[in-house]
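Engineer: Here is my input, please return the structure:
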Amino acid sequence: SGAPAAYASADFSFAVQDEGVGLGGVTLRTNGGEWTTPTNLEWLAVEGTNFLEYFAFDALGNQGAVKQQVIVLDHGAPVTTLTVERSASRWLSGQLVVAPSAWLVFRGFDDLSGVDRVEISIGDSNQFSRYDQGLPVANLGPDSLLYYRSIDLVGNVEPMQLVSLHVDGLAPVVLSNNYA
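Structural biologist: Got it, this is the predicted structure:
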């Protein structure tokens, strides 16, 4: 059908109204299956693309038109990756160690509904702000805690991720023995 896709999480619902004798009920089916009543919502557990057909009828049996909708059900949280650009990096004793020239890049991924936004918090896991572009570590202190997460288009929130960051701007010193 030419019905536009709608994205939904587990709390998907629809409303029906009848101006006459009152609503008799609603009938639906998914993916060409059996017609059923909305009290049977097992189909909401099936993540992915679903073709939904539905109609309402009133207390006298007058049936409304069959409507069609493609619904993409997305129950899973997105995933965020962290990469370091413009500098080498390495993990050392549980900390991500980078040079002051480094930029941190956060990317959110969600295969179904898509990512609405990536959020980060520096040092305080309760104060998230929208992340839009690379984060230069030169603006951070030498040791920082960075919290990050993504939120998808239907409101699924990734569990908060944490990285302990150390910015190492000290050049190595070569020591030698002076033999005369």
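Engineer: All the helices of this structure, residue numbers only.
Structural biologist: Taking DSSP state H, the chain contains no helices at all.
Engineer: where are the low-confidence patches of it?
Structural biologist: 1-14, 40-45, 179-180 (pLDDT under 70).
Engineer: Next, work out how far apart F128 and I120 are.
Structural biologist: The gap separating F128 from I120 is 7 Å, by CB to CB, to the nearest Å. For glycine as for every other residue, the C-beta is placed from the backbone atoms N, C-alpha and C.
Engineer: again but with Y131, I slipped
Structural biologist: To I120, Y131 is 5 Å away according to CB to CB.
Engineer: so what sits against both of the two?
Structural biologist: Shared contacts of Y131 and I120 (CB atoms under 8 Å, 6 or more residues apart in numbering): 106, 148.
Engineer: which phi and psi does the residue nearest to G114 when sequence neighbours are not counted have?
Structural biologist: Using CB to CB, 6 or more residues apart in numbering and skipping the chain neighbours, the partner closest in space to G114 is L153 (5.0 Å). With angles defined as degrees, to the nearest 10, L153 sits at phi -70, psi -10.
Engineer: Distance check, L153 against N50.
Structural biologist: 17 Å.
Engineer: Confirm for me that W35 is in contact with G25.
Structural biologist: No. Using CB atoms under 8 Å, W35 is not in contact with G25; the gap is 11.1 Å.
Engineer: Between those two, point out the one with more neighbours.
Structural biologist: Set W35 next to G25 and count neighbours by other CB atoms under 10 Å: G25 wins out with 14 against 11.
Engineer: And for G155, the neighbour number?
Structural biologist: G155: 14 neighbours (other CB under 10 Å).
Engineer: Can you show me the strands along this structure?
Structural biologist: 5-8, 23-30, 48-58, 67-73, 79-85, 89-92, 95-98, 103-109, 115-122, 129-131, 135-136, 143-152, 161-167 (DSSP state E).
Engineer: Between those strands, which one is closest to V173.
Structural biologist: strand 95-98 (17.6 Å; CB to CB).
Engineer: Pull out the buried positions in the closest one.
Structural biologist: 96-98 (16 or more other CB atoms under 10 Å).
Engineer: Closest one of these to R107?
Structural biologist: The closest of the buried residues of strand 95-98 to R107 turns out to be L96 (CB to CB; 16.0 Å).
Engineer: And for the residue lying closest to L28 once chain neighbours are set aside, the neighbour number?
Structural biologist: Spatial nearest neighbour of L28, chain neighbours left out: Y54 (3.8 Å); criterion: CB to CB, 6+ apart. Other residues lying near Y54 total 18 when counted by other CB under 10 Å.
Engineer: Just confirm Y54 contacts V66, I think it does.
Structural biologist: Yes. Counting by CB under 8 Å, Y54 does reach V66; the two are 7.2 Å apart.
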